[in-house]
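**Student:** Sequence and predicted model, in that order:
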Amino acid sequence: MSKKYRILITGVAGFLGSHLSEKLIEQGHSIVGIDNMIGGYKDNVLKEVEFHNVDCCDFSKIKKIMKNIDVVYHCAATAHEGLSVFSPYEITRNNYLASVSIFSAAINEKVKRIIFCSSMARYGDQQTPFTEEMKPKPVDPYGISKVAAEDVLKNLCELNNIEWVIAVPHNIIGPRQIYSDPYRNVVSIFINRMLQGKAPIVYGDGEQKRCFSYIDDCLSCMIPMLDQKNLNKQIINIGPDEEFVTVNKVVEICSNITGSNLEAIHKEDRPREVKHATCSADKARKLLNYKTKISLEEGIKKTYDYIKKRGTQDFDYRLSIEIDNELTPTTWKNKEI
């Protein structure tokens with residue numbers, strides 16, 4: 001029987017963190033979870049989780065919670081790439097400073113390994129598909145905060161002889177994802193609006209291209225990162241590279257699944273938005289035997305089923321805009337989503 005660990009998961013009430021905790025509990029591990037509930041649902045937290053409603057930046061509390069932890073999965077993030085251009089302070093605090101807090105407490109406790117969930121935003125607008133060998137060139141404060149956190153992680157872990165893995169998931173979809181956030185999760189936003197009889201809102205011409213990863217396909221890579229020996233000091237893209245689709249195509253699929261026949265409303269381009277973004281999955285195939293099992297259409301259907309069953313929600317503009325000027329999307333300023 002494989003070793004059982006006491007694992008800390010940040011963002012445990014969120015989308016990725018809650019699914020990760022479920023899988024690890026099924027394997028017999030003990031889970032300690034923290035979340036500040038900015039982007040999660042309380043019912044995402046399983047009863048088996050030792051839960052702490054704590055902000056990752058609250059270092060004194062984090063140090064206490066970190067006691068006797070073997071492995072850390074740092075999934076918590078304010079993953080608002082577009083919004084970061086207009087709310088750089090809060091995004092940087094919640095991604096960079098929060099990460100440094102978690103890393104510092106973990107290293108102080110001499111954990112075995114830290115797995116950090118970074119972002120495809122690290123690559124910026126380089127030639128696709130993005131590969132792990134590319135030098136990070138983020139184009140917005142969110143991506144910059146993620147790369148800065150990666151650098152601190154590597155620096156401190158190498159000094160203190162702690163194992164690290166950097167996972168780079170991209171555009172994950174599926175049940176439990178928050179769908180009342182007007183700033184992120186494009187598939188969930190489309191579905192939530194369509195189920196309310198509202199047309200989807202698309203920025204620019206909709207020809208931006210992305211790949212989307214269903215949560216189970218992402219987890220197939222995240223779980224082995226717990227202790228697989230050859231993953232130490234590796235940066236690994238997670239997600240499919242087979243279906244590289246436009247936002248317009250995503251609208252079409254969502255419309256077909258929801259039965260909506262409303263034409264998309266096109267708004268001005270968002271500043272700093274990368275036109276084409278997809279990651280190569282070759283390294284994940286080599287090291288983790290990664291295979292895409294859920295197609296984009298299947299993943300969107302499962303996301304739709306979850307939102308329909310749970311019920312539509314009004315969009316919650318809980319994050320404030322710090323830079324309000326002529327570049328700020330009117331959909332956010334005027335709360336049009």
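**Tutor:** Arrived safely. For clarity, every value in this text was computed on a predicted model and none was experimentally measured.
**Student:** pretty sure Asn160 contacts Ile107?
**Tutor:** Yes - here Asn160 reaches Ile107: they are 5.0 Å apart, a contact under CB atoms under 8 Å. Heads up, the C-betas are built off the backbone N, CA and C, glycines and all.
**Student:** ok, those two, which is more surrounded?
**Tutor:** Neighbour tally, Asn160 and Ile107, criterion other CB atoms under 10 Å: the higher count belongs to Ile107, 20 against 13.
**Student:** Determine the set of other helices and strands touching the one helix or strand that one maps to.
**Tutor:** Under the criterion of DSSP states H and E, Ile107 resides in helix 98-108. Applying 3 or more CB pairs under 8 Å, 6 or more residues apart in numbering; DSSP states H and E, one finds that helix 98-108 makes contact with strand 6-10, helix 59-65, strand 71-74, strand 113-117, helix 141-160.
**Student:** Quick one: neighbours of the nearest residue to Ala121 once chain neighbours are set aside, just the number.
**Tutor:** With sequence-adjacent residues excluded and distances taken as CB to CB, 6 or more residues apart in numbering, Ala121 is closest to Gly143, at 3.3 Å. Look at Gly143: counted by other CB under 10 Å, it has 24 neighbours.
**Student:** Give me the distance between Gly143 and Glu50.
**Tutor:** Using CB to CB, to the nearest Å, we find Gly143 at a distance of 33 Å from Glu50.
**Student:** do the same with Lys291
**Tutor:** When distances are taken as CB to CB, Lys291 and Glu50 turn out to be 33 Å apart.
**Student:** buried set for the helix holding Ile107?
**Tutor:** Residues of helix 98-108 classed as buried: 98-107 (neighbour count, 16 or more other CB atoms under 10 Å).
**Student:** need the residues you listed in a markdown table with pLDDT and distance to Gln177, can you?
**Tutor:** As requested, these are exported to a markdown table (pLDDT from 0 to 100; distance: CB to CB, whole Å):
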| residue | pLDDT | distance to Gln177 |
| --- | --- | --- |
| Ala98 | 98 | 20 |
| Ser99 | 98 | 21 |
| Val100 | 98 | 26 |
| Ser101 | 98 | 25 |
| Ile102 | 98 | 22 |
| Phe103 | 98 | 26 |
| Ser104 | 98 | 29 |
| Ala105 | 98 | 27 |
| Ala106 | 98 | 26 |
| Ile107 | 98 | 31 |
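**Student:** how close does the most centrally placed residue in the chain sit to Cys157?
**Tutor:** Among the residues of the chain, the one closest to the centroid is Ala79, at 6.0 Å (CA atoms, centre = their mean). Ala79 sits 23 Å away from Cys157 when distances are taken as CB to CB.
**Student:** Please apply the same query to Ile7.
**Tutor:** 17 Å.
**Student:** before we move on, what about Asp217?
**Tutor:** Going from Asp217 to Cys157 by CB to CB gives 27 Å.
**Student:** What are the buried residues along the longest strand along the chain?
**Tutor:** In terms of residue count, the longest strand belonging to the chain (DSSP state E) is strand 163-169. Residues of strand 163-169 classed as buried: 163-169 (neighbour count, 16+ other CB under 10 Å).
**Student:** so how far is stretch 30-42 off the chain centroid?
**Tutor:** Shown here is stretch 30-42, whose average C-alpha point lies 14 Å from the average C-alpha point of the whole chain (CA atoms, centre = their mean, to the nearest Å).
**Student:** Using PDB, write out every CA atom in that stretch.
**Tutor:** Listed next in PDB are the C-alpha coordinates belonging to stretch 30-42 (Å, rounded to 0.1, in the frame of the first residue of the first chain):
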ATOM      1  CA  SER A  30      -5.800  13.100   5.400                       C
ATOM      2  CA  ILE A  31      -6.800  16.500   4.000                       C
ATOM      3  CA  VAL A  32      -6.500  19.900   5.700                       C
ATOM      4  CA  GLY A  33      -8.100  22.600   3.700                       C
ATOM      5  CA  ILE A  34      -8.100  26.400   3.800                       C
ATOM      6  CA  ASP A  35     -10.200  28.900   1.800                       C
ATOM      7  CA  ASN A  36     -11.200  32.500   2.300                       C
ATOM      8  CA  MET A  37     -14.500  31.800   0.400                       C
ATOM      9  CA  ILE A  38     -13.900  34.500  -2.200                       C
ATOM     10  CA  GLY A  39     -14.300  32.100  -5.100                       C
ATOM     11  CA  GLY A  40     -15.700  28.900  -3.600                       C
ATOM     12  CA  TYR A  41     -18.900  27.300  -2.400                       C
ATOM     13  CA  LYS A  42     -19.300  26.000   1.200                       C
END
